[in-house]
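Peer 1: let me see the structure of the following:
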Amino acid sequence: MSKAKPIIWGIAIIALGVIFGGNAIGLFDINVFFDGWWSLFIIVPSAISLITEREKFASLGFLAAGVILLLAAQNVFSYDVAWKAILAVFLIIIGVSIIFRNVFHSKNDKEIAKKIDGMKDGKTMDSQTAVFSGSDRIYNDEVFSGSNLVAIFGGVDLDLRKAKFEKDTVIKAFCLFGGIDIKVPKDVQVKIKSGFIFGGISDERKSGDNKGKYTIYLDAGGGFGGLSITDKEGK
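Peer 2: Next comes the predicted model:
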């Protein structure tokens, strides 16, 4: 779906241009500045993310919030009621997402959890922590044995494209209002277990899940943050 996102954005921008152009030359008269028009800056991106992103709960929450604010601007109900409704929606979505992820474990999630349980020895794993800061780690012909990544109001960058692998490894990642970028070799397989609430994982690898000799088991979670995986060359 990563390729579909810019196409959808392009269509949305073209449609907006057609509306402004048509209004200017008198082809039609569409009022784009109706009461609550500003809520479209929440509704449209959320709707696009709901279609294109892997994680749906955050997009659904913000889409609902945008619609509620639009209805309040249209005097369907007061803003006081709107903010209470938005809080209720977010609490419900958070609760549902927690239940969903704990009840409906995929086979892949169980496999990753089993691998992680078998590699609990923290001494074999490096760690990167960024709290209101940044942390970069580049492996250059070094053996990678796993890593713990934490980003809280900060960013973590882990570059494994030139790392050496001697066995399957685990990466545990947590980000809260932060971001984590992981660059992996093209010949290493990555299996993902995601537990984000209002956040998600962007898998930008060209090759997808390779059938490589070794596998990275990624256990990622957090809230209001994101993690990206890529195998692209260069910076």
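
Peer 1: which SS class is I182?
Peer 2: The three-state label given to I182 by DSSP: H, G, I helix; E, B strand; the rest coil is strand.

Peer 1: what is the mean pLDDT for stretch 143-163?
Peer 2: Confidence over stretch 143-163, taken as the mean pLDDT, stands at 90.

Peer 1: what are the buried residues along it?
Peer 2: For stretch 143-163, burial by neighbour count (16 or more other Cβ atoms under 10 Å) applies to 144-152, 154-161, 163. Where you see a C-beta, it was placed from the backbone N, CA and C, and this is true even at glycine.

Peer 1: longest helix of this protein?
Peer 2: Secondary structure of the chain read by DSSP state H shows that its longest helix is helix 79-103.

Peer 1: and the residue nearest the centre of the chain, what are its phi and psi?
Peer 2: Nearest to the geometric centre of the chain sits G200, at 2.3 Å (Cα atoms, centre = their mean). Main-chain torsions, G200, degrees, to the nearest 10: phi 180, psi -180.

Peer 1: measure it to C175 for me?
Peer 2: Applying Cβ to Cβ, to the nearest Å, the value for G200 to C175 is 11 Å.

Peer 1: okay, and the common contacts of these two?
Peer 2: The contact sets of G200 and C175 overlap at G226, L227 (Cβ atoms under 8 Å, 6 or more residues apart in numbering).

Peer 1: coming back round to it: ok, residues contacting the longest helix of the chain?
Peer 2: So helix 79-103 is contacted by F57, L60, G61, A64, A65, I68, L69, L71, A72, G195, I197, F198 (Cβ under 8 Å, 6+ apart).

Peer 1: just the CA atoms of stretch 17-28, as CSV, please.
Peer 2: Taking C-alpha atoms only, stretch 17-28 is exported to CSV below (Å, rounded to 0.1, in the frame of the first residue of the first chain):
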residue,chain,number,x,y,z
GLY,A,17,-7.3,22.2,-7.8
VAL,A,18,-10.2,21.4,-10.1
ILE,A,19,-12.6,22.9,-7.5
PHE,A,20,-10.7,26.1,-7.2
GLY,A,21,-10.2,26.4,-10.9
GLY,A,22,-13.9,25.6,-11.7
ASN,A,23,-15.0,28.2,-9.1
ALA,A,24,-12.7,30.8,-10.6
ILE,A,25,-13.9,30.5,-14.2
GLY,A,26,-17.6,30.0,-13.2
LEU,A,27,-18.0,26.4,-14.2
PHE,A,28,-19.5,25.6,-10.8
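
Peer 1: where do the strands sit along the chain?
Peer 2: Taking DSSP state E as the test, the strands found in the chain are 126-131, 134-143, 147-152, 155-164, 169-176, 179-183, 188-197, 200-203, 214-223, 226-230.

Peer 1: returning to what we had before: among the contacts of helix 79-103, name the ones in helices.
Peer 2: Per DSSP H, the contacts of helix 79-103 map to helices at F57, L60, G61, A64, A65, I68, L69, L71, A72.

Peer 1: was I right to think V188 contacts Y217?
Peer 2: No. If you go by Cβ atoms under 8 Å, V188 and Y217 don't touch, sitting 11.2 Å apart.

Peer 1: so these two - more neighbours on which side?
Peer 2: Y217 (23 against 20; other Cβ atoms under 10 Å).

Peer 1: and the more buried one, what pLDDT?
Peer 2: For Y217, pLDDT reads 87.
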